[in-house]
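Q: What follows is a predicted protein model with its sequence.
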Amino acid sequence: MTKHIAILTSGGDAPGMNACIRAIVIAADRLGYQISGYLRGYNGLLDDQRITLTCERMHNLLQQGGTILHSARCKAFTTEQGLKKAADNLTKSNVDTLFVIGGDGSFRGAHALGQIWEGQIIGLPGTIDNDVAGTDATIGYYTAIETAVSSIDKVRDTADAFDRVFMVEVMGRHAGFLALSAALASASDYVILPERFSNEADTLTQICTQIQQRQAKRGPVSYVIVLAENVWPGGINDLCVRLASQSNMEVKPVILGHVQRGGSPVSQDRLLAVQLGTYAVTLVETSTSGVMVGTYEDKAVTVPLPQTWEDAKPLPDDAVTTMMTLMNERYR
Ligand SMILES: Nc1ncnc2c1ncn2[C@@H]1O[C@H](COP(=O)(O)OP(=O)(O)OP(=O)(O)O)[C@@H](O)[C@H]1O
Ligand SMILES: O=P(O)(O)OC[C@H]1O[C@](O)(CO)[C@@H](O)[C@@H]1O
(Lines give C-alpha, C1' and ligand atoms only; values in the text may rest on other atoms or scores of the structure.)
(Ligands and ions follow the chains in the order given, each with its own letter.)
Protein backbone atom coordinates (compact mmCIF):
# COMPACT_ATOMS: atom_id res chain seq x y z
CA MET A 1 0.00 0.00 0.00
CA THR A 2 1.14 3.54 -0.72
CA LYS A 3 2.60 5.24 2.34
CA HIS A 4 1.03 8.46 3.56
CA ILE A 5 3.62 10.85 4.97
CA ALA A 6 2.92 14.20 6.63
CA ILE A 7 5.18 17.15 7.39
CA LEU A 8 4.87 20.02 9.85
CA THR A 9 7.10 22.91 10.88
CA SER A 10 7.01 23.95 14.53
CA GLY A 11 8.55 26.49 16.92
CA GLY A 12 10.52 29.46 15.60
CA ASP A 13 10.65 29.44 11.81
CA ALA A 14 14.14 29.14 10.36
CA PRO A 15 15.60 29.85 6.91
CA GLY A 16 15.94 26.51 5.13
CA MET A 17 12.71 24.98 6.43
CA ASN A 18 11.26 25.34 2.92
CA ALA A 19 14.35 23.74 1.40
CA CYS A 20 13.85 20.81 3.75
CA ILE A 21 10.15 20.48 2.89
CA ARG A 22 11.07 20.51 -0.80
CA ALA A 23 13.66 17.75 -0.37
CA ILE A 24 11.22 15.56 1.56
CA VAL A 25 8.45 16.07 -1.00
CA ILE A 26 10.60 15.35 -4.05
CA ALA A 27 12.24 12.29 -2.48
CA ALA A 28 8.87 10.98 -1.25
CA ASP A 29 7.10 11.65 -4.56
CA ARG A 30 9.81 9.67 -6.32
CA LEU A 31 8.82 6.68 -4.18
CA GLY A 32 5.12 7.20 -4.90
CA TYR A 33 4.09 8.28 -1.40
CA GLN A 34 1.06 10.43 -0.62
CA ILE A 35 2.29 13.67 0.99
CA SER A 36 0.41 16.03 3.32
CA GLY A 37 1.49 19.17 5.13
CA TYR A 38 -0.07 20.19 8.46
CA LEU A 39 -0.42 23.95 8.88
CA ARG A 40 0.86 26.05 11.80
CA GLY A 41 2.82 23.41 13.63
CA TYR A 42 0.98 21.22 16.06
CA ASN A 43 -2.11 23.45 15.72
CA GLY A 44 -2.74 21.93 12.30
CA LEU A 45 -2.54 18.47 13.78
CA LEU A 46 -5.17 19.35 16.39
CA ASP A 47 -7.52 21.02 13.89
CA ASP A 48 -6.74 18.60 11.06
CA GLN A 49 -5.69 21.55 8.90
CA ARG A 50 -3.85 19.77 6.15
CA ILE A 51 -2.83 20.48 2.57
CA THR A 52 -1.61 18.19 -0.17
CA LEU A 53 2.00 18.77 -1.11
CA THR A 54 2.99 18.19 -4.72
CA CYS A 55 6.26 18.52 -6.61
CA GLU A 56 4.76 21.38 -8.64
CA ARG A 57 4.32 23.39 -5.43
CA MET A 58 8.03 22.88 -4.67
CA HIS A 59 9.20 24.90 -7.69
CA ASN A 60 11.26 27.96 -6.68
CA LEU A 61 10.78 27.13 -3.02
CA LEU A 62 14.27 26.16 -1.88
CA GLN A 63 15.53 29.74 -1.72
CA GLN A 64 12.55 31.17 0.17
CA GLY A 65 12.77 32.06 3.87
CA GLY A 66 9.98 31.28 6.34
CA THR A 67 7.90 28.15 5.86
CA ILE A 68 5.02 27.53 3.44
CA LEU A 69 3.43 25.36 6.12
CA HIS A 70 3.55 28.27 8.60
CA SER A 71 4.85 27.65 12.09
CA ALA A 72 3.59 28.29 15.59
CA ARG A 73 3.83 27.37 19.21
CA CYS A 74 0.86 25.36 20.50
CA LYS A 75 -0.01 25.14 24.17
CA ALA A 76 -3.02 22.86 23.64
CA PHE A 77 -0.78 20.18 22.15
CA THR A 78 1.20 19.87 25.39
CA THR A 79 -1.83 18.57 27.30
CA GLU A 80 -2.88 14.91 27.51
CA GLN A 81 -6.10 15.79 25.72
CA GLY A 82 -4.26 17.62 22.96
CA LEU A 83 -1.84 14.78 22.35
CA LYS A 84 -4.71 12.31 22.18
CA LYS A 85 -6.59 14.46 19.66
CA ALA A 86 -3.48 14.75 17.51
CA ALA A 87 -2.92 10.99 17.62
CA ASP A 88 -6.56 10.34 16.69
CA ASN A 89 -6.40 12.76 13.76
CA LEU A 90 -3.24 11.11 12.42
CA THR A 91 -4.84 7.69 12.70
CA LYS A 92 -8.07 8.87 11.02
CA SER A 93 -6.08 10.32 8.12
CA ASN A 94 -4.08 7.10 7.77
CA VAL A 95 -0.78 8.91 8.18
CA ASP A 96 2.09 6.42 8.38
CA THR A 97 4.99 8.81 8.98
CA LEU A 98 5.12 12.26 10.57
CA PHE A 99 8.11 14.51 9.88
CA VAL A 100 8.54 17.30 12.44
CA ILE A 101 10.87 20.13 11.46
CA GLY A 102 11.65 22.25 14.51
CA GLY A 103 13.74 22.71 17.63
CA ASP A 104 14.11 20.79 20.88
CA GLY A 105 10.66 21.86 22.12
CA SER A 106 9.07 20.46 18.98
CA PHE A 107 10.99 17.22 19.54
CA ARG A 108 9.71 16.97 23.12
CA GLY A 109 6.24 17.22 21.63
CA ALA A 110 7.05 14.63 18.97
CA HIS A 111 8.38 12.25 21.60
CA ALA A 112 5.26 12.69 23.76
CA LEU A 113 3.09 11.99 20.72
CA GLY A 114 5.13 8.88 19.99
CA GLN A 115 4.09 7.44 23.37
CA ILE A 116 0.44 7.27 22.26
CA TRP A 117 0.54 7.11 18.45
CA GLU A 118 1.85 4.02 16.73
CA GLY A 119 3.00 5.65 13.51
CA GLN A 120 6.55 6.56 12.59
CA ILE A 121 7.94 9.91 13.85
CA ILE A 122 11.08 11.54 12.49
CA GLY A 123 12.41 14.91 13.59
CA LEU A 124 14.53 17.29 11.52
CA PRO A 125 16.42 20.07 13.32
CA GLY A 126 15.24 23.51 12.20
CA THR A 127 16.03 26.47 14.45
CA ILE A 128 18.32 29.48 14.29
CA ASP A 129 19.48 28.75 17.86
CA ASN A 130 21.54 25.61 17.06
CA ASP A 131 20.64 24.45 20.57
CA VAL A 132 19.80 20.87 19.58
CA ALA A 133 22.18 18.13 20.69
CA GLY A 134 23.02 15.26 18.32
CA THR A 135 23.64 17.34 15.22
CA ASP A 136 26.60 19.48 14.19
CA ALA A 137 24.23 22.25 13.14
CA THR A 138 20.54 23.03 12.76
CA ILE A 139 18.83 24.28 9.61
CA GLY A 140 18.67 28.10 9.76
CA TYR A 141 21.63 28.65 12.06
CA TYR A 142 24.10 29.64 9.33
CA THR A 143 21.73 32.14 7.75
CA ALA A 144 21.04 33.74 11.11
CA ILE A 145 24.80 34.16 11.64
CA GLU A 146 25.07 35.92 8.27
CA THR A 147 22.13 38.19 9.05
CA ALA A 148 23.53 39.14 12.45
CA VAL A 149 27.03 39.70 11.02
CA SER A 150 25.84 41.99 8.24
CA SER A 151 23.91 44.06 10.80
CA ILE A 152 26.85 44.25 13.22
CA ASP A 153 29.10 45.36 10.34
CA LYS A 154 26.78 48.33 9.86
CA VAL A 155 26.73 49.08 13.57
CA ARG A 156 30.53 49.10 13.48
CA ASP A 157 30.53 51.83 10.82
CA THR A 158 28.56 54.23 12.96
CA ALA A 159 30.35 53.14 16.15
CA ASP A 160 33.68 54.02 14.49
CA ALA A 161 32.41 57.35 13.23
CA PHE A 162 31.40 58.42 16.74
CA ASP A 163 33.92 56.45 18.83
CA ARG A 164 30.95 55.00 20.62
CA VAL A 165 30.15 51.85 22.52
CA PHE A 166 27.34 49.74 21.02
CA MET A 167 25.60 46.80 22.65
CA VAL A 168 24.01 44.46 20.09
CA GLU A 169 21.53 41.87 21.33
CA VAL A 170 21.46 38.63 19.36
CA MET A 171 18.87 35.80 19.61
CA GLY A 172 19.59 32.21 20.67
CA ARG A 173 17.03 31.67 23.44
CA HIS A 174 19.27 30.23 26.20
CA ALA A 175 22.22 29.17 24.04
CA GLY A 176 25.22 31.24 22.93
CA PHE A 177 26.03 29.62 19.55
CA LEU A 178 24.56 32.39 17.44
CA ALA A 179 25.98 35.20 19.59
CA LEU A 180 29.46 33.66 19.66
CA SER A 181 29.62 33.00 15.91
CA ALA A 182 28.19 36.42 15.03
CA ALA A 183 30.65 38.15 17.38
CA LEU A 184 33.67 36.25 16.00
CA ALA A 185 32.71 36.77 12.37
CA SER A 186 32.08 40.52 12.82
CA ALA A 187 35.27 41.30 14.76
CA SER A 188 33.23 42.44 17.72
CA ASP A 189 35.17 43.38 20.84
CA TYR A 190 33.36 41.51 23.56
CA VAL A 191 30.63 38.91 23.80
CA ILE A 192 28.34 38.01 26.71
CA LEU A 193 27.20 34.39 26.55
CA PRO A 194 24.86 32.36 28.78
CA GLU A 195 27.36 29.50 28.95
CA ARG A 196 30.11 31.77 30.32
CA PHE A 197 28.24 34.38 32.31
CA SER A 198 29.28 34.54 35.97
CA ASN A 199 27.91 37.75 37.46
CA GLU A 200 27.05 41.33 36.54
CA ALA A 201 29.77 43.12 38.52
CA ASP A 202 32.64 41.02 37.11
CA THR A 203 31.31 41.36 33.58
CA LEU A 204 31.03 45.16 33.81
CA THR A 205 34.53 45.42 35.28
CA GLN A 206 36.01 43.19 32.59
CA ILE A 207 34.40 45.20 29.78
CA CYS A 208 35.59 48.50 31.30
CA THR A 209 39.11 47.14 31.66
CA GLN A 210 39.13 46.08 28.00
CA ILE A 211 37.88 49.51 26.88
CA GLN A 212 40.38 51.40 29.03
CA GLN A 213 43.32 49.28 27.84
CA ARG A 214 42.36 49.88 24.26
CA GLN A 215 41.96 53.63 24.82
CA ALA A 216 45.40 53.70 26.47
CA LYS A 217 46.90 52.22 23.31
CA ARG A 218 44.85 53.99 20.65
CA GLY A 219 43.08 57.02 22.08
CA PRO A 220 39.35 57.42 21.34
CA VAL A 221 37.90 54.11 20.14
CA SER A 222 34.67 52.45 19.21
CA TYR A 223 33.70 49.27 21.02
CA VAL A 224 31.09 46.73 19.88
CA ILE A 225 29.69 44.24 22.39
CA VAL A 226 27.45 41.32 21.43
CA LEU A 227 24.95 40.31 24.09
CA ALA A 228 23.13 36.98 23.88
CA GLU A 229 19.45 37.46 24.71
CA ASN A 230 18.11 36.38 28.11
CA VAL A 231 21.50 36.60 29.84
CA TRP A 232 21.57 40.00 31.48
CA PRO A 233 19.11 39.92 34.40
CA GLY A 234 17.80 43.48 33.89
CA GLY A 235 17.86 43.35 30.09
CA ILE A 236 19.93 45.27 27.54
CA ASN A 237 18.81 48.77 28.61
CA ASP A 238 19.85 48.16 32.21
CA LEU A 239 23.21 46.87 30.99
CA CYS A 240 23.75 49.93 28.77
CA VAL A 241 22.92 52.37 31.59
CA ARG A 242 25.23 50.63 34.04
CA LEU A 243 28.08 50.30 31.56
CA ALA A 244 27.76 53.97 30.56
CA SER A 245 28.01 55.03 34.17
CA GLN A 246 31.00 52.79 34.91
CA SER A 247 32.90 53.49 31.66
CA ASN A 248 32.00 57.16 31.28
CA MET A 249 31.15 56.51 27.63
CA GLU A 250 27.91 56.70 25.71
CA VAL A 251 26.50 53.17 25.24
CA LYS A 252 23.81 52.58 22.61
CA PRO A 253 21.58 49.48 22.55
CA VAL A 254 20.63 47.65 19.32
CA ILE A 255 18.25 44.69 19.42
CA LEU A 256 18.49 42.68 16.20
CA GLY A 257 15.35 40.68 17.03
CA HIS A 258 13.33 38.77 14.45
CA VAL A 259 15.26 39.97 11.40
CA GLN A 260 17.56 37.10 12.36
CA ARG A 261 14.81 34.58 11.60
CA GLY A 262 14.06 35.83 8.09
CA GLY A 263 15.67 35.88 4.69
CA SER A 264 16.74 33.50 1.97
CA PRO A 265 18.83 30.64 3.39
CA VAL A 266 22.58 30.69 2.77
CA SER A 267 24.13 27.73 0.95
CA GLN A 268 25.18 25.92 4.13
CA ASP A 269 21.58 25.85 5.36
CA ARG A 270 20.29 24.81 1.93
CA LEU A 271 22.80 21.94 1.77
CA LEU A 272 22.00 20.77 5.30
CA ALA A 273 18.26 20.99 4.62
CA VAL A 274 18.37 18.91 1.43
CA GLN A 275 20.76 16.37 2.93
CA LEU A 276 18.58 15.79 6.00
CA GLY A 277 15.28 15.91 4.11
CA THR A 278 16.46 13.33 1.57
CA TYR A 279 17.97 11.11 4.25
CA ALA A 280 14.83 11.24 6.38
CA VAL A 281 12.76 9.83 3.52
CA THR A 282 15.09 6.80 3.22
CA LEU A 283 13.95 5.84 6.74
CA VAL A 284 10.25 5.59 5.85
CA GLU A 285 10.36 1.92 4.89
CA THR A 286 12.39 1.01 8.01
CA SER A 287 11.34 0.45 11.62
CA THR A 288 13.32 3.51 12.76
CA SER A 289 11.08 5.89 14.70
CA GLY A 290 11.26 8.42 17.52
CA VAL A 291 14.52 9.83 16.18
CA MET A 292 15.91 13.07 14.86
CA VAL A 293 18.08 13.02 11.77
CA GLY A 294 21.15 15.20 12.13
CA THR A 295 24.72 15.34 10.93
CA TYR A 296 27.87 14.20 12.65
CA GLU A 297 31.06 15.22 10.85
CA ASP A 298 28.97 15.93 7.74
CA LYS A 299 27.39 12.48 7.63
CA ALA A 300 23.67 12.00 8.22
CA VAL A 301 22.90 10.15 11.46
CA THR A 302 19.89 9.34 13.62
CA VAL A 303 19.61 10.23 17.31
CA PRO A 304 16.83 9.19 19.72
CA LEU A 305 14.61 12.23 20.28
CA PRO A 306 15.24 12.53 24.07
CA GLN A 307 18.97 12.88 23.44
CA THR A 308 18.34 16.08 21.50
CA TRP A 309 17.37 17.91 24.70
CA GLU A 310 18.84 15.72 27.47
CA ASP A 311 22.42 15.78 26.19
CA ALA A 312 24.42 18.97 26.64
CA LYS A 313 25.55 20.74 23.49
CA PRO A 314 28.65 22.70 24.48
CA LEU A 315 30.05 25.66 22.61
CA PRO A 316 32.96 24.52 20.40
CA ASP A 317 36.24 24.70 22.41
CA ASP A 318 38.21 26.30 19.59
CA ALA A 319 35.66 29.05 19.13
CA VAL A 320 35.76 29.79 22.87
CA THR A 321 39.56 29.99 22.85
CA THR A 322 39.47 32.27 19.81
CA MET A 323 36.87 34.42 21.49
CA MET A 324 39.02 34.86 24.63
CA THR A 325 42.16 35.62 22.63
CA LEU A 326 40.63 38.09 20.18
CA MET A 327 37.84 39.54 22.30
CA ASN A 328 37.05 39.16 26.00
CA GLU A 329 40.63 38.74 27.25
CA ARG A 330 42.47 40.51 24.45
CA TYR A 331 43.92 43.28 26.66
CA ARG A 332 45.62 42.07 29.80
N1 LIG B 1 7.02 18.83 26.65
C2 LIG B 1 6.25 19.03 25.58
N3 LIG B 1 5.19 18.21 25.34
C4 LIG B 1 4.41 18.39 24.26
N5 LIG B 1 4.61 19.36 23.35
C6 LIG B 1 5.64 20.19 23.53
C7 LIG B 1 6.52 20.08 24.65
N8 LIG B 1 7.46 21.05 24.55
C9 LIG B 1 7.16 21.74 23.43
N10 LIG B 1 6.08 21.23 22.81
C11 LIG B 1 5.44 21.70 21.58
O12 LIG B 1 6.41 22.13 20.64
C13 LIG B 1 6.13 23.49 20.28
C14 LIG B 1 7.42 24.18 19.88
O15 LIG B 1 8.31 24.21 20.98
P16 LIG B 1 9.19 25.52 21.27
O17 LIG B 1 8.30 26.69 21.33
O18 LIG B 1 10.02 25.22 22.46
O19 LIG B 1 10.07 25.71 19.96
P20 LIG B 1 11.27 24.83 19.39
O21 LIG B 1 10.74 23.67 18.66
O22 LIG B 1 12.23 24.55 20.51
O23 LIG B 1 11.89 25.81 18.30
P24 LIG B 1 12.67 27.17 18.55
O25 LIG B 1 13.57 26.97 19.74
O26 LIG B 1 13.41 27.41 17.31
O27 LIG B 1 11.64 28.21 18.79
C28 LIG B 1 5.44 24.05 21.50
O29 LIG B 1 4.69 25.21 21.22
C30 LIG B 1 4.55 22.90 21.90
O31 LIG B 1 3.41 22.83 21.10
O1 LIG C 1 9.17 34.59 18.00
P2 LIG C 1 9.03 34.35 19.46
O3 LIG C 1 7.92 33.44 19.79
O4 LIG C 1 9.04 35.61 20.22
O5 LIG C 1 10.32 33.55 19.95
C6 LIG C 1 11.58 34.10 20.02
C7 LIG C 1 12.55 32.96 20.25
O8 LIG C 1 12.53 32.11 19.12
C9 LIG C 1 13.82 32.02 18.56
O10 LIG C 1 13.94 33.00 17.55
C11 LIG C 1 14.03 30.67 17.97
O12 LIG C 1 13.97 29.72 18.99
C13 LIG C 1 14.75 32.32 19.74
O14 LIG C 1 16.04 32.70 19.32
C15 LIG C 1 13.97 33.40 20.45
O16 LIG C 1 14.31 33.44 21.82
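A: That came in fine, so what should we check first? Numbering: from 1, shown residues only. Ligands and ions are numbered 1, 2, ... in the order given.

Q: where's the residue of the stretch 101-250 of the chain found nearest ligand 1, which helix or strand?
A: Of all residues in the stretch 101-250 of the chain, Gly105 sits closest to ligand 1, at 1.9 Å by C-beta to the nearest ligand atom. Heads up, the C-betas are built off the backbone N, CA and C, glycines and all. Per DSSP states H and E, Gly105 falls inside helix 104-114.

Q: List of residues touching that helix?
A: Surrounding helix 104-114, the residues in contact under the criterion C-beta atoms under 8 Å, 6 or more residues apart in numbering are 10-11, 41-42, 73-74, 77-78, 83, 86-87, 98, 100, 121, 123, 127, 131-133, 289-290, 292, 305-306, 308-309.

Q: Now narrow those residues to whatever sits close to ligand 1.
A: On the criterion C-beta under 6 Å from any ligand atom, Ser10, Gly11, Tyr42, Arg73, Cys74, Phe77, Thr78, Thr127 are the entries of the contacts of helix 104-114 that sit beside ligand 1.

Q: touching ligand 2 at all, the helix holding Gly105?
A: No - using C-beta under 6 Å from any ligand atom, helix 104-114 stays clear of ligand 2, coming no nearer than 8.2 Å.

Q: what bridges to the closest residue to Pro304 other than its chain neighbours?
A: In this structure, Pro304 finds its nearest non-sequential neighbour in Val291, 5.8 Å apart by C-beta to C-beta, 6 or more residues apart in numbering. Here Val291 sits in beta bridges with Ile122, Pro304, going by DSSP bridges.

Q: wait, Val291 sits on Ala300?
A: No - counting by C-beta atoms under 8 Å, Val291 stays clear of Ala300, with 11.3 Å between them.

Q: between the two, which one's more packed in?
A: Just comparing Val291 and Ala300: by other C-beta atoms under 10 Å the higher neighbour count belongs to Val291, 24 against 17.

Q: distance of that one from ligand 2?
A: 21 Å (C-beta to the nearest ligand atom, to the nearest Å).

Q: Check the gap between that residue and Leu193 for me.
A: 30 Å (C-beta to C-beta, to the nearest Å).
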